[in-house]
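K.L.:
take this sequence and fold it.
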Amino acid sequence: MKYAWLLLLFTGLTLSRDGQLIACEHGDRRVSIMPLSRGGKKTLADNHKKNRFNSPNADSTDEKMLYVTQSDPGNPVIFAFPVCANGTTGKGRVFFIDTTQPTANFG
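P.N.:
Down below sits the predicted model:
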């Protein structure tokens, strides 16, 4: 794979079965997909229950489920999104909530 070295340099990147780059974008607070041959990035997911992602980071160990972390110290959550046959993601669900972390105080 021509761009496989990118996967060694960054976390939250993978290649889809058809060779598109899937990225967890901290700055744009979304998970996106982009064809490497021509550009044209589009958003796969940027929120859960209308709440924007903070700083997504993700992994899909079996290419059937995509796990996305919400790196908010006051509300650390891992979401799971099923990966559809066409490469898009289905409806997400809360996979894990870290109840051992203290709630953030913004007052």
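K.L.:
going forward, measure contacts and count neighbours with C-alpha atoms only.
P.N.:
Will do.
K.L.:
beta partners for Arg93?
P.N.:
Ala80 (DSSP bridges).
K.L.:
contacting residues for it?
P.N.:
Taking C-alpha atoms under 8 Å, 6 or more residues apart in numbering as the criterion, Arg93 is in contact with Phe79, Ala80, Phe81.
K.L.:
for the protein, which spans come out with low pLDDT?
P.N.:
Where the chain drops to pLDDT under 70, the residues are 1-11, 58, 61, 71-72, 98-107.
K.L.:
repeat that with 90
P.N.:
1-41, 44-45, 47-81, 83, 85-89, 94-107 (pLDDT under 90).
K.L.:
which parts of it are helices?
P.N.:
Taking DSSP state H as the criterion, the chain carries its helices at 5-9.
K.L.:
mind listing the strands for it?
P.N.:
Applying DSSP state E to the chain gives strands spanning 13-15, 20-25, 30-35, 42-45, 47-48, 51-52, 57-59, 65-70, 77-82, 93-97.
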